[in-house]
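In: could you work out the structure for the sequence below:
(one chain, ligands or ions: 1)
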Amino acid sequence: MLIFATESSCDETSICLMKDKKILEHKTFSQEIHKIHGGVVPELASRAHLEKIQTMTENLFNKTNIEPNKIDAFTATCGPGLIGSLLVGSTFTKSLAISFQKPFIPVNHLEGHILSTSFNNDIKFPSLILLLTGGHTQVYLMEDERKIELLGQSVDDAIGEAFDKTAKLLGLSYPGGAEIEREAMDGDEDKFILPKPLVNEKNFNFSFSGIKTHINLLTKKNKVNKKFIKDLSASFQKSITELLIKKIARGLERLKLEKKDIRSISVVGGVSNNKYMKNKIENYFFNKNIEIYYPLKEMMIDNAAMIAWACIKFYNKEKNDLFFKPKPRLSVRSIL
Ligand code: ZN
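Out: Here you go, the predicted structure:
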């Protein structure tokens, strides 16, 4: 099965040509324009998608020498996300489907992330999915490939947002995740004690906004110099990682009481790029009989390969829906 996919839910313009389980070509462009604003500006994001998507697609077909009429189905992210951005990608992809008279399959962005580790791993079930992005912090239980249940989520900011907002308070650039990780490398991670909201609750709900408020106070009380930035970045990274691990551990205890013995954990989304966090999670679960999976590097941030893969994995021609309206809010299992 040959699939052409696009992803444009936020500030990455991405396109992919996938044949069965092989990525033939995959290009992701991260929009630079938002850097000066310290966060994504929706209107600018839509325009930037519009400027890129057509040329990227032309280049992709030229490079691979594949005729668009050989494509079996066209697919695009149809939510959740910024509505203007979703409209650019989905309308562009729908028009290709119409012109080559092929099916158009709408895909849920979150399902793309959730299924991303099954591209390069044989998942052991039941499995826990930690979706850690700039827009979402969610934990899902996958009892088998088709049974996905949301167990908990952040009640306020997403984890990636906490990284971005902390970076902004420290005068670091956007996106904040990589900046914080770099600054933290030679900082003292025990310098500041930060709050760990909801840490003792045996559920999978998170709260990150209190941490941001605390950091804001620290930046007002202290001199924001290089040392302060490094120490606070390190303390923040340590605190948020410990919070995440403790919450998972407590949540797993609860699941065990319900006779759900988790055999694997998939850490998906852009935040899974953080090497410090990865090491800590791996160390914690080492020898606990739980496997830890990550997506391929190119499938961590928002990307079209995960959308193509979600389409291929559960392909059903009855899902062909040219009239599907993209939705800024879309929960999992509402399409697939
Ligand atoms: Zn995403």
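In: contact residues of the protein facing the ion?
Out: The chain has residues Thr133, Asp302 near the ion, with proximity defined as CB under 5 Å from the ion. Where you see a C-beta, it was placed from the backbone N, CA and C, and this is true even at glycine.
In: got the domain ranges for the chain?
Out: Structural domains assigned to the chain are 2-113+298-319, 122-294, following automatic domain parsing.
In: just the ones you listed: most buried one?
Out: Stretch with highest mean neighbour count among these: domain 2-113+298-319 (a mean of 20; mean count of other CB atoms under 10 Å).
In: work out for me the element the residue of the stretch 201-336 of the chain found nearest the ion sits within.
Out: Using CB to the ion, the closest approach of the stretch 201-336 of the chain to the ion is made by Asp302 at 4.4 Å. Under the criterion of DSSP states H and E, Asp302 resides outside all helices and strands.
In: so which of the domains of the chain comes closest to Lys327?
Out: Set against Lys327 and scored by CB to CB, the domains of the chain come closest in domain 2-113+298-319, at 3.8 Å.
In: got any ranges where the stretch 201-336 of the chain has weak pLDDT?
Out: Scanning the stretch 201-336 of the chain with the threshold set as pLDDT under 70 gives 334-336.
In: what segments of it are strands?
Out: 264-268, 291-293 (DSSP state E, counting those that start in this stretch).
In: show the pLDDT at the residue nearest to Leu296 when sequence neighbours are not counted.
Out: What sits nearest to Leu296 in space, not counting adjacent residues and going by CB to CB, 6 or more residues apart in numbering, is Asn120, at 5.3 Å. Asn120 is assigned a predicted lDDT (pLDDT) of 98.
In: you'd agree Ala158 is up against Leu110?
Out: No. Using CB atoms under 8 Å, Ala158 makes no contact with Leu110, being 12.0 Å away.
In: just put the domains of the chain in CSV and tack on distance to Leu330.
Out: Formatted as CSV, the domains of the chain follow (distance: least, CB to CB, whole Å):
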stretch, distance to Leu330
domain 2-113+298-319, 3
domain 122-294, 11
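In: for Arg333, find the nearest of those domains.
Out: Sorting the domains of the chain by CB to CB, the top spot, which is the nearest, belongs to domain 122-294 at 5.9 Å.
In: separation between the residue of the stretch 201-336 of the chain closest to the ion and His34?
Out: 13 Å (CB to CB, to the nearest Å).
In: then Met142?
Out: Taking CB to CB, one finds Met142 at 33 Å from His34.
In: and what of Lys52?
Out: The spacing between Lys52 and His34, counted by CB to CB, is 14 Å.
In: for Thr6, same thing?
Out: Distance of Thr6 to His34, given as CB to CB: 20 Å.
In: cool, and Lys124?
Out: For Lys124, the distance to His34 under the criterion CB to CB works out to 38 Å.
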